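**Student:** A predicted structure for the sequence below; I have some questions about it.
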2 protein chains.
Amino acid sequence: MTTALKNDLFLRACRGVRTERPPIWIMRQAGRYMPEYQAIRKNTTFLGLCKTPDLAARATLLPIDILGVDAAILFSDILVPVEAMGLDLMFSEHKGPSFPNPVRTRADVDGLEVPDPVSKTGFVAEAIREVNRRLASRVPLIGFAGAPFTLATYMVEGEITKDFSRVKRMMFSEPETLHALLEKATDTVIRYLSMQAEAGVHAYQIFDTWAGSLSSFHYRSFALPYVRKIVQAMRGYGLPSILYVNGSCALLEDMKEAGADVVSVDWRLSLSVARKRLSESTGIQGNLDPVSLLGTPSVLKDEVGRILKEMEGRPGFIFNLGHGILPETPVSMARYLVRLVQDGLSAPQPVE
Amino acid sequence: MTTALKNDLFLRACRGVRTERPPIWIMRQAGRYMPEYQAIRKNTTFLGLCKTPDLAARATLLPIDILGVDAAILFSDILVPVEAMGLDLMFSEHKGPSFPNPVRTRADVDGLEVPDPVSKTGFVAEAIREVNRRLASRVPLIGFAGAPFTLATYMVEGEITKDFSRVKRMMFSEPETLHALLEKATDTVIRYLSMQAEAGVHAYQIFDTWAGSLSSFHYRSFALPYVRKIVQAMRGYGLPSILYVNGSCALLEDMKEAGADVVSVDWRLSLSVARKRLSESTGIQGNLDPVSLLGTPSVLKDEVGRILKEMEGRPGFIFNLGHGILPETPVSMARYLVRLVQDGLSAPQPVE
């Protein structure tokens, strides 16, 4: 399948092969910043979009057609399989996702199921097949799932708060309840990602977005073992894997132990430091500050130039943002970013 | 003055002297978690409390009398001198501080003044003198100020958002406007801290809470030079200084260059790593996860034990939290924490 791709730069970089230039894709590359996305989203809810294969496929393709990125990532949300575990899920434009009946007790955990992915979330597999048909092997398709700790954070907090005090309070008072929840989330994610692999994704990313709220000590107990279990369970599919944590500076060496092919780092950690701390056998993805896309083209060019220089000659590098693209990003700036990485720093600037 | 203190453990630790045990104080140690604080706060606003020397002094003393910590920190807020720069400031119970007329343009910056601290914020000096009278040399008193980047973040954002996209957009599009704002904030902080020094604080902490949203590259341009300027300007007073950043893992070596005597780190970065990255000439303060005070006493004991072990034999260590104490913290747990550090891990546990 890989060999048939017209552009396999991304997959080669994931496998640590030296590439003629770094591949680029953008976290949340199909999103609110694009008028074409807004047009698709207008007639349905956010979850409706995720659950309608035709619409999810259309959203997935937008950044391929409009920006020309080197990989597609399935349009979906990490909480889709959590809803399938039996937890009511709501999305609001301002507050983001929330669970009106959060998980707070052992009984709440015991009440959750490990859902059959095909019967509960088969629309995801259908969307993957539909995307691959429309991509016609132009670029690879990335599947994804949330990591157990991050999913548990949403489930316990109910909605994201700045201190994560509910999930961490559980960690400090009822660790066995949290472990039970993490076990169920892990089993759910393994089955969910297996379905994605069987439907035809070429690689997958695990988002452990909120694990950056943990010390290394707690990461090694409440996050790492579960991610490692997922990576091991998925090994049979032979797909490259990427592990992302927001604010991962204190966790970099621990993350590596999860066994993913690529570690994705946010903008805080300089890539020149990251490449020293990770051996060349581990790929690195990152790490432009998403806010730099709200600045001037010439500052963006400097920022991209700095990152390219930090990673010069380093195999296994995938250019990306350090966190999701912001809704207020001008599309012209996203397109300019892609040109800077693909065509070089002399790519023509958009008009300011 | 120092020699007259009955308990000078904190000041000795700041100066890198080996102490018989680590001193402990708690960020936000006078706060909403204490019923005695709520009683003082009940009859006034938050800013009213800051601006009434008698009440501010009473709040400052509470954790000395109730918890027995080794240092007092003036009850105030980092935004007090910002209001004096000419920016309307509001506090709400739920959303925290906000500036209804945030700083967005060069003209906004030019409209701000560098206030005379005595005529505009003389109540702070009065509170310091009042605290020292009531402390009667039992423990040292810490003064404080926000760092320029963190103050600018509040001023530009208007209220704290999760991406800091407004202040960073200014950084990526109008860096000279941000530098002009940072210059004014720096001059304001130097005059404000000088007033505190002259009123009798024994040490001071600079809170650069939000600088952890910056990469090392941008920290070195937009945060570090201003903090360094403050530390240099304050040198004549001979007071120990502490620099705090939340999420500082990627910035530790840069922070050291600010020249403060002590670097205060949050809970994410293991202190065993921090002590390797900082030479013994730099003091270390931290770094218990505030949420651990919401767990069980036995887990808290384990957490404290781990930190004490990581710093065993390391001079210049001050025990603290990695971030401010949470409003939902039981006072019994805060008191138990102080006992664990002062009396050892066999201190009697509170009843669960």
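**Tutor:** Looks like it came in fine.
**Student:** how about the strands in the stretch 1-150 of chain A?
**Tutor:** Taking DSSP state E, counting those that start in this stretch as the criterion, the stretch 1-150 of chain A contains strands spanning A:72-73, A:90-92, A:96-98, A:141-146.
**Student:** with mean pLDDT added, can I get these in JSON lines?
**Tutor:** Compiled in JSON lines, those are given as follows (pLDDT from 0 to 100):
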{"stretch": "strand A:72-73", "mean pLDDT": "98"}
{"stretch": "strand A:90-92", "mean pLDDT": "91"}
{"stretch": "strand A:96-98", "mean pLDDT": "92"}
{"stretch": "strand A:141-146", "mean pLDDT": "98"}
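**Student:** would you list the ones you listed in CSV and tack on distance to residue A:237?
**Tutor:** For the C-beta atoms, the positions are set from N, CA and C on the backbone; glycine is no exception. CSV is the format used below for the strands of the stretch 1-150 of chain A (distance: least, Cβ to Cβ, whole Å):
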stretch, distance to residue A:237
strand A:72-73, 17
strand A:90-92, 30
strand A:96-98, 28
strand A:141-146, 10
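**Student:** highest mean neighbour count out of these?
**Tutor:** Mean neighbour counts were taken over these using mean count of other Cβ atoms under 10 Å in any protein chain shown, and the top value, a mean of 26, falls to strand A:72-73.
**Student:** may I have the strands that pair with that strand, each with its orientation?
**Tutor:** Sheet pairing for strand A:72-73, assigned by DSSP bridges, gives strand A:141-146 (parallel).
**Student:** now do the strand it pairs with: everything it contacts.
**Tutor:** Strand A:141-146 is contacted by residues A:10, A:25, A:60, A:71-74, A:76, A:78-79, A:81-82, A:128, A:131-132, A:135, A:154, A:189, A:192-193, A:196-197, A:200-209, A:230, A:242 when judged by Cβ atoms under 8 Å, 6 or more residues apart in numbering or on different chains.
**Student:** can you check stretch A:322-330 too?
**Tutor:** Outside stretch A:322-330, the residues touching it (Cβ under 8 Å, 6+ apart) are A:26-29, A:31-33, A:246, A:265-268, A:286-291, A:293-294, A:334, A:350, B:163, B:165.
**Student:** just stretch A:174-188 next, same as before
**Tutor:** Applying Cβ under 8 Å, 6+ apart, the contact partners of stretch A:174-188 are A:81-82, A:84-85, A:103, A:105-106, A:109-110, A:112, A:114-115, A:148-149, A:151-152, A:155-156, A:167, A:170-171, A:221-222, A:226, A:229-230, B:299.
**Student:** what's the closest non-adjacent residue to residue A:55?
**Tutor:** Leaving aside its sequence neighbours, residue A:55 sits nearest to residue A:49 (Cβ to Cβ, 6 or more residues apart in numbering or on different chains; 5.0 Å).
**Student:** burial of that neighbour, as a residue count?
**Tutor:** When neighbours are defined as other Cβ atoms under 10 Å in any protein chain shown, residue A:49 has 20 of them.
**Student:** just residue A:159 next, same as before
**Tutor:** Per other Cβ under 10 Å, the neighbour tally for residue A:159 reads 14.
**Student:** wait, what's in contact with the spatially closest residue to it that is not a sequence neighbour?
**Tutor:** Taking Cβ to Cβ, 6+ apart as the measure, residue A:159 lies nearest to residue A:98, with 4.0 Å between them; neighbours along the chain are not counted. Applying Cβ under 8 Å, 6+ apart, one finds that residue A:98 lies in contact with A:89-92, A:158-159.
**Student:** okay, and the beta partners of residue A:98?
**Tutor:** Beta-bridge partners, per DSSP bridges, of residue A:98: residue A:90.
**Student:** between the lengthiest helix in chain A and strand A:141-146, what angle do the directions make?
**Tutor:** Here the longest helix in chain A is taken by residue count, with DSSP state H as the criterion, and it is helix A:175-199. Between the direction of helix A:175-199 and that of strand A:141-146, the angle (axes from the mean of the first three to the mean of the last three Cα atoms, to 10 degrees) works out to 170 degrees.
**Student:** need the next SSE after helix A:175-199, C-terminal direction.
**Tutor:** Scanning the chain past helix A:175-199 towards its C-terminal end, the next helix or strand to appear is strand A:203-207 (assignment: DSSP states H and E).
**Student:** check which helices and strands the very next helix or strand once past that following strand is in contact with.
**Tutor:** Sequence order places helix A:216-222 as the next helix or strand after strand A:203-207, per DSSP H and E. In this structure, helix A:216-222 packs against helix A:175-199, helix A:252-256, with contacts taken as 3 or more Cβ pairs under 8 Å, 6 or more residues apart in numbering or on different chains; DSSP states H and E.
**Student:** out of these, deepest packed?
**Tutor:** The highest mean neighbour count among the helices and strands packed on helix A:216-222 belongs to helix A:175-199 (a mean of 21), with neighbours defined as mean count of other Cβ under 10 Å.
**Student:** quickly find the element holding the closest residue to residue A:104 other than its chain neighbours.
**Tutor:** In space, not counting the residues next to it along the chain, residue A:104 is nearest to residue A:156; the distance is 6.8 Å by Cβ to Cβ, 6+ apart. The secondary structure element spanning residue A:156 is helix A:148-157 (assigned by DSSP H and E).
**Student:** hmm, back to that, just the buried residues of the contacts of stretch A:322-330.
**Tutor:** When neighbours are counted using 16 or more other Cβ atoms under 10 Å in any protein chain shown, these contain these buried positions: A:26-29, A:31-33, A:246, A:265-268, A:286-291, A:293-294, A:334, B:163, B:165.
**Student:** which ones among these map onto helices?
**Tutor:** For the buried ones among the contacts of stretch A:322-330, the ones inside helices are A:334, B:165, with DSSP H as the criterion.
**Student:** what parts of chain A come near chain B?
**Tutor:** Taking Cβ under 8 Å from any Cβ of the partner chain, the part of chain A that reaches chain B is made up of A:162-165, A:168-169, A:171-173, A:175, A:212-218, A:247, A:249-250, A:267-270, A:273, A:289-292, A:294-296, A:299-300, A:303, A:306, A:323, A:326, A:328.
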